[in-house]
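Trainee: pasted the sequence and its predicted model underneath.
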Amino acid sequence: MSENSNHMSPEEFRRNGYAVIEWIARYMEEVGEYPVMSRVSPGEILDALPAAAPDHGSKDVLPILKDMDEIILPGITHWASPKFFAYFPSNASPPAILGDLMSSGLGVQGMLWVTSPAATELEIRMMDWLATLLQLPKRFHSGGNGGGVIQDSASSSVLCAILAARERVTQGQSNREGLSGTQPLTAYSSTEAHSSIEKGLRIAGIGSQGLRKVGVDEQFSIDLVALRAQIEADIAAGFRPFFVSATLGSTSSGAFDSVVGLGALCQEYDLWLHVDAAMFGTAAACPEYRWIHEGLELADSYCFNPHKWMLTNFDCCAFWVADRKDLIGALGIHPDYLQNRATDSGDVTDYRDWQIPLGRRFRALKLWFVLRTYGVEGIQRVVREHVGLTQMFAELVCAAPAFELCAPHPFNLVCFRLRGGDTENRQLMEALNDSGALYLSHTTLNDQFVLRFCVGQWATEECHVQEAWTRICEFAASVQSTAS
Ligand code: PLP
């Protein structure tokens, strides 16, 4: 490539690439010092950016890195900070970043087996490695009727599950003719389940009205008696129940539905059972936490997000089906321009038939890097350390008379609140987040404003949790003194 080319030569790429890696490594070293939540005002970053692309580019990335420091970093909320305790984590461990870089470096679009056999076959192998790591039932492993695929998100996974279930219950009619001629379909989840289920039902043409949100017990788990009554009432009213989504670790409080109970009901009424373990599925890497998967052999599909707790950078959701026939029936489409000998032979997996988009990134690489560098023991160690730190935090809350725990906390999420009103709790959260010392989020449980503290960042250590608690107590004292 000539010096005058406007493309970077491999040598120029190497030089710029070292600078970028150096920038990321320095970010990892310093991220714990930054205020966790971004302090910029709406529009501030936009105003700092030129209105149009430059007429003349430059092959030197150093000016871009300078703008990363000066313009972009102030507008970053540091999910990579060891002081990030909000929402659920989004982990970008060093090996995952390197695996992702490899994927970018290869620039592969693995829609079909033939468009890069290694992309498909590494993915099949990684999904089996994960299935073994979590000890998922055999029916989800490759080799039989089932199998796994990497989706971008748990939201896409539940949408795919809904479409596969719709395909099964309508025996393909919904795909051929739409839903107008079919019996109206109804789906079920608890009131605590993730909003992506309702979104998936809207996209699938079933609509929000087709979702029955069933109440929960005092542990925030779905009420099986109420669920059965709702299914019976729907059948009597002429609906066709077809889909149930169980949650293993709800977003709000980390609650677990009974997959054993739901599985039995689904068998009785011939319903598709999807299991959403987006956050807490990772815990099953440890034998002592595998109880969360009890009954999973009754499920039709299952997903968890390595991009949450399992050290893999966004996006990476692992999704399995027990029988891929319905999924491929719902999503497979075969235009002439994609036909090829390998597909025709029937001997290969074409993952475009397992997902919504056609194109797909080579995400299996980052899982491969993560699983090979950490190993099973490394993943287990992270889970145990985070659970240990969370239990330590819960004990601190429990021992402090000014606070109360608000939900069971078997893993790495604690829901708690300052004894007092919602206003004080909201003020406490906002003061803590504005201080930059840590970042936590909130939810509503039993109609009360509750704080959520989730320990899931790979770099978080005991000192960060201790420091967070010290700050929480300091700010709580100040909120209480202002209130009184
Ligand atoms: N399900 C649960 C239980 C979640 O907690 C979340 C997100 O936090 C989701 C689904 C949606 O995840 P995603 O962003 O991968 O769609």
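Mentor: Sure, I can see it.

Trainee: in three-state terms, label the nearest residue to A187 once chain neighbours are set aside for me.
Mentor: Closest residue in space to A187, ignoring its immediate chain neighbours: F243 at 4.0 Å, by CB to CB, 6 or more residues apart in numbering. Backbone N, C-alpha and C define where each C-beta goes, glycine included. The three-state assignment at F243 reads strand, by DSSP: H, G, I helix; E, B strand; the rest coil.

Trainee: so what's A119 closest to, chain neighbours aside?
Mentor: Once flanking residues are discounted, A119 sits nearest to G110: 3.2 Å by CB to CB, 6+ apart.

Trainee: surely that neighbour touches I124?
Mentor: No - applying CB atoms under 8 Å, one finds G110 not in contact with I124, separated by 11.5 Å.

Trainee: looking at the two, which has the bigger crowd around it?
Mentor: G110 (25 against 19; other CB atoms under 10 Å).

Trainee: which residues sit in contact with the more buried one?
Mentor: By CB atoms under 8 Å, 6 or more residues apart in numbering, the contact set of G110 is 116, 119-120, 123, 351, 360-362.

Trainee: thinking again about what came up before, what do G110 and I124 both touch?
Mentor: Counting by CB under 8 Å, 6+ apart, nothing touches both G110 and I124.

Trainee: report the distance from the longest helix anywhere in the chain to the chain centre.
Mentor: Ranked by residue count and defined by DSSP state H, the top helix of the chain is helix 364-399. Centroid separation for helix 364-399 versus its chain: 16 Å, with CA atoms, centre = their mean, to the nearest Å.

Trainee: so which bits of it are buried?
Mentor: 364-371, 374, 378-380, 382-383, 385-387, 389-391, 393-394, 396-397 (16 or more other CB atoms under 10 Å).

Trainee: now do the phi/psi pair for the residue nearest to the spatial centre of the chain.
Mentor: Taking CA atoms, centre = their mean, the centroid of the chain lies closest to N305, which sits 4.1 Å from it. Note on N305: its backbone torsions stand at phi -110, psi 100 [degrees, to the nearest 10].

Trainee: wait, A342 sits on T349?
Mentor: No - with contact defined as CB under 8 Å, A342 does not count as touching T349 (9.9 Å).

Trainee: of these two, who's got more company?
Mentor: Set side by side, A342 and T349 show more neighbours around T349, with 21 against 17, by other CB under 10 Å.

Trainee: hang on, H274 packs against T247?
Mentor: No - using CB under 8 Å as the test, H274 is too far from T247 to be in contact (9.8 Å).

Trainee: show me what contacts the nearest residue to T191 once chain neighbours are set aside?
Mentor: Leaving aside its chain neighbours, T191 sits nearest to K213 (4.7 Å; criterion: CB to CB, 6+ apart). Neighbour list for K213: 189-191, 193 [criterion: CB under 8 Å, 6+ apart].

Trainee: dump those residues to TSV, plus distance to Q480, secondary structure and pLDDT.
Mentor: Putting these into TSV (distance: CB to CB, whole Å; DSSP: H, G, I helix; E, B strand; the rest coil; pLDDT from 0 to 100) gives the following:
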residue	distance to Q480	secondary structure	pLDDT
S189	38	strand	98
S190	34	strand	97
T191	32	coil	96
A193	35	coil	95
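
Trainee: closest to L62 out of the residues you listed?
Mentor: For the contacts of K213, the minimum distance to L62 (CB to CB) is 47.8 Å, reached by A193.

Trainee: all the strands of the stretch 1-150 of the chain, in order from the start?
Mentor: 147-151 (DSSP state E, counting those that start in this stretch).

Trainee: still on that earlier bit, give me the neighbour count for the residue nearest to A187.
Mentor: By other CB under 10 Å, 30 other residues sit near F243.

Trainee: residues contacting it?
Mentor: Counting by CB under 8 Å, 6+ apart, F243 touches 161-162, 165-166, 185, 187-188, 271-272, 274.

Trainee: tell me if I'm right that I124 and H141 touch.
Mentor: No - assessed by CB under 8 Å, I124 is found out of contact with H141, at 9.9 Å.

Trainee: anything in contact with each of these two?
Mentor: Common neighbours of I124 and H141 (criterion: CB under 8 Å, 6+ apart): 147-148.

Trainee: name the residues that touch stretch 139-155?
Mentor: With CB under 8 Å, 6+ apart as the contact definition, stretch 139-155 has outside contacts at 123-124, 126-128, 130-132, 138, 157, 160, 194, 196, 199-200, 276, 278, 297, 302-305, 315-325, 349, 351, 354-355, 363-364, 367.

Trainee: now the end-to-end length of it.
Mentor: For stretch 139-155, the separation between the terminal residues is 23 Å (CA to CA, to the nearest Å).

Trainee: sorry, back to before: gap between the residue nearest to A187 and W272?
Mentor: Per CB to CB, to the nearest Å, F243 is found 5 Å from W272.

Trainee: and the residue nearest to A187, what pLDDT?
Mentor: For F243, the model assigns a pLDDT of 98.

Trainee: now do the same contact list for the closest residue to the ligand within the stretch 1-150 of the chain.
Mentor: Nearest to the ligand in the stretch 1-150 of the chain, going by CB to the nearest ligand atom, is F88, at a distance of 4.8 Å. Neighbouring residues of F88 by CB under 8 Å, 6+ apart: 251, 278-279, 308-309, 413, 454, 456.

Trainee: closest one of the residues you listed to H334?
Mentor: When the contacts of F88 are ranked by distance to H334 (CB to CB), A278 comes first, at 31.3 Å.

Trainee: leaving out chain neighbours, which residue sits closest to that closest one?
Mentor: Here the nearest residue to A278 in space, its sequence neighbours aside, is A154; by CB to CB, 6+ apart that works out to 4.1 Å.

Trainee: then Q183?
Mentor: Per CB to CB, 6+ apart, closest to Q183 is R240, 4.1 Å.

Trainee: torsion angles phi and psi at the one you found?
Mentor: phi -120, psi 100.

Trainee: need the contact list for it.
Mentor: So R240 contacts 169, 182-186 (CB under 8 Å, 6+ apart).

Trainee: for those residues, give me CSV that also has distance to the ligand.
Mentor: Compiled in CSV, the contacts of R240 are given as follows (distance: CB to the nearest ligand atom, whole Å):
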residue, distance to the ligand
V169, 23
T182, 27
Q183, 28
P184, 26
L185, 21
T186, 20
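
Trainee: just the buried ones from those residues?
Mentor: With neighbours counted by 16+ other CB under 10 Å, the contacts of R240 contain buried members at 169, 182, 185-186.
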